[in-house]
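Asks: Provided below for reference: sequence and predicted model.
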Amino acid sequence: MHDSPKTPIDLAIDFILHDFEMAVSVEKVLSIVYQPQAVFRIRPVNRCSATIAGHKEPVLSVAFSLMGGIWQVALEISVTQQLGSLHCMVTDGKHLVSGSKAGELQCWDPQKGKPSGSPLVGHKQWITAISWEPVHLNAPCRRFVSASEDQDARIWDVSLRKCVICLTGHKRGITCVKWGGDGVIYTGVYIGSSASSRLSTLYEV
């Protein structure tokens with residue numbers, strides 16, 4: 001049996017019912033709160049994994065190279081020639097600079113292990129620390145800062161092969177230097193064993 005056609009009154013009732021259903025329907029909102037987290041495990045360093053021998057004098061500082069190291073860590077042997085009276089060194093991955101007790105700075109070709117040009121002179125006493133300018137501040141990385149026992153810190157340009165800025169004002173020999181990521185050069189002077197006997201100086205380049 002077929003349904004009889006709807007009258008205008010029936011249609012009006014259907015519209016009213018549909019409008020009522022649409023009016024009362026609501027959407028559910030699901031709020032999700034999250035925090036970015038990195039899951040990693042910190043393992044304690046409780047043993048010596050390797051000993052790298054070959055130095056003729058006490059080792060005063062050490063750092064990992066961006067190229068993988070002047071020493072081949074896996075083989076525990078040196079992959080470069082003797083650098084002479086080396087006191088400290090720093091590399092940006094393309095250049096290697098070493099400082100000597102004679103106050104000279106020598107640029108090297110890391111791939112060949114040979115000097116690149118003549119030594120950079122300017123310091124009057126031995127080099128105590130070197131730090132490269134962060135690459136994100138001034139790419140390509142061409143400048144580095146050296147600290148010396150002569151109480152000065154000098155900024156050098158490896159392309160110009162000369163000192164471009166001399167930072168003075170220290171009353172004692174500078175023992176450490178760091179070119180920070182904020183463009184500020186930090187120098188430190190050690191004058192005693194207590195915490196109050198360490199002086200720091202900031203230079204904005």
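Replies: Now that the structure is in, tell me what you want to look at.
Asks: Dig out what the nearest residue to Ile174 once chain neighbours are set aside forms beta bridges with.
Replies: The shortest distance from Ile174 to any residue other than its chain neighbours is 3.9 Å, reached at Ala147 (C-beta to C-beta, 6 or more residues apart in numbering). For glycine as for every other residue, the C-beta is placed from the backbone atoms N, C-alpha and C. With DSSP bridges applied, the residues forming beta bridges to Ala147 are Ala129, Ala153.
Asks: neighbours around Arg161, how many?
Replies: Here the number of neighbours of Arg161 (other C-beta atoms under 10 Å) works out to 13.
Asks: Look at the nearest residue to Ser148 once chain neighbours are set aside and tell me its secondary structure.
Replies: For Ser148, ignoring the flanking residues on the chain, the nearest one in space by C-beta to C-beta, 6+ apart is His123 at 4.1 Å. Going by DSSP: H, G, I helix; E, B strand; the rest coil, the secondary structure assigned to His123 is coil.
Asks: wait, doesn't His123 sit right on Trp156?
Replies: No - with contacts defined as C-beta atoms under 8 Å, His123 does not count as touching Trp156, sitting 10.5 Å away.
Asks: what about these two, which has more around it?
Replies: Here His123 and Trp156 are set side by side on neighbour count (other C-beta under 10 Å), and the busier one is His123, at 25 against 22.
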